[in-house]
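**Q** sequence and predicted structure, then a few things I'm wondering about:
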Protein chains: 2
Amino acid sequence: MTLFYPNGQPFQRSAEVKTSNNQQVTVNYGKRGMTLEEALNVTNQYYIESDQAVIYKKPTPIQIVHVDYPKRSAARITEAYFRKASTTDYNGVFLGKYIDFEAKETTHPNYIPLKNFHEHQVLHMARIKRHGGIGFIIVRFTPTDEIYLLDASYLENRWNEAIQKSGRKSLPKTLFQEKGYLVPQNYLPRIDYLRVIKDVYF
Amino acid sequence: MTLFYPNGQPFQRSAEVKTSNNQQVTVNYGKRGMTLEEALNVTNQYYIESDQAVIYKKPTPIQIVHVDYPKRSAARITEAYFRKASTTDYNGVFLGKYIDFEAKETTHPNYIPLKNFHEHQVLHMARIKRHGGIGFIIVRFTPTDEIYLLDASYLENRWNEAIQKSGRKSLPKTLFQEKGYLVPQNYLPRIDYLRVIKDVYF
């Protein structure tokens, strides 16, 4: 089976990438394994192809400053900047329910710093839950390659405590172990988070 | 009340825009009225602020080819191209339901050509409905400034008929009048499509 990214490109274990000083470099994904984002894209593509859910990563928000419109060829953006997202990265529908989540990796074995999330995202997930959607975070602890799913309410609580200066500026791994769920990892689906969602929210 | 775009920028009736030959031009939105996209952004921002729903336009998908990382300043994208969207532009949650739609304007008084939509989008909306989401299109007929909401199933039917060469390559306005719903336009919310959704789908 050929795997495809949601943009229709075939999944590749290596890619040609240009560096800022215009050198061509081959990045080999096979050696280092997929990033969490790549693994979730492959997972979501599998969910769509097997008709289990329709969940996508949103495009990266870009502030476009300048576009050239050459004759007889595609419009070319020549100046643009990355913008901070006002929502989470992933959303969609599963068994009639609205699904919304943010995914992050941490290199720390025992915690993830709160600065991996933005205030806009925390507020967004709180709104989602208030309107009957399912909101959560997916965090990979890279040293052990464990992936946890945690309801967004715990992130919101910690966030508010941290703002009041009394709380920690991180989410400890013990919180994920006690209140969250370890997500099964397979070949297909790569990160089977919908199995957890089905058990926990339905 | 100050209106804001979802990216946090205040809504402005005019803006400084650079043309491809680097000239500064002022676009006055007041004169020509808002585009459908601008009006929907203002509407969705109002729905969020009044805590009625959480619906956003997705960022435009961009294929990034080259990025400069200057020291002590923000990463600058110096080569990028617009990509074709694989989903619709708008989605979110309303009264616990997943909402998904595409919005288009037509300058034709009596129809909108099917080429305003992409096959990916038609397939996407069919999937959304199959998984219990609410999928529809919003179309503004600019000559009369009428805005209609039409369930995605009618687009899908017409699309399949057109592929079989027997059908028309457009959606006639009569289809919107017979099977769709005229969307009320006010000052706030600007395009009150959720009022229609509430009456029709709940």
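**A** On my side now, so go ahead.
**Q** quick check: bridge partners of A:Trp106?
**A** For residue A:106 the amino acid is Thr, not Trp. Beta-bridge pairing of A:Thr106 under DSSP bridges involves A:Phe141.
**Q** that one contacts A:Leu114, doesn't it?
**A** No. Counting by CB atoms under 8 Å, A:Thr106 stays clear of A:Leu114, with 11.0 Å between them. Every C-beta, even on glycine, is put in place using the N, C-alpha and C of the backbone.
**Q** okay, strands next: where are they in chain A?
**A** Per DSSP state E, chain A carries strands over the ranges A:14-18, A:24-28, A:54-57, A:62-68, A:76-82, A:90-94, A:97-106, A:111-113, A:134-141, A:146-151, A:170-172, A:181-182.
**Q** of all those strands, which one is nearest B:Val93?
**A** strand A:97-106 (3.9 Å; CB to CB).
**Q** distance check, A:Lys179 against A:Lys97.
**A** 20 Å (CB to CB, to the nearest Å).
**Q** got a list of what the residue nearest to the spatial centre of chain A touches?
**A** Centre of chain A computed as the mean C-alpha position; nearest residue by CA atoms, centre = their mean is A:Ala103, 3.3 Å away. Counting by CB atoms under 8 Å, 6 or more residues apart in numbering or on different chains, A:Ala103 touches A:36-37, A:40, A:89-90, A:137-140.
**Q** A:His91 against A:Asn44, yeah?
**A** For residue A:91 the amino acid is Asn, not His. No. Counting by CB under 8 Å, A:Asn91 does not reach A:Asn44; the two are 10.7 Å apart.
**Q** quickly list what's touching both of these two.
**A** With CB under 8 Å, 6+ apart as the test, A:Asn91 and A:Asn44 both reach A:55-56.
**Q** so between the two, which is more surrounded?
**A** Between A:Asn91 and A:Asn44, counted using other CB atoms under 10 Å in any protein chain shown, the more crowded position is A:Asn91 (28 against 24).
**Q** neighbours around the residue lying closest to the more buried one once chain neighbours are set aside, how many?
**A** Once flanking residues are discounted, A:Asn91 sits nearest to A:Asp100: 4.5 Å by CB to CB, 6 or more residues apart in numbering or on different chains. Applying the criterion other CB under 10 Å, we find 28 residues in the vicinity of A:Asp100.
**Q** and A:Asp192, by the same measure?
**A** 18.
**Q** who are the contact partners of it?
**A** With CB under 8 Å, 6+ apart, A:Asp192 has these contacts: A:43, A:183-186.
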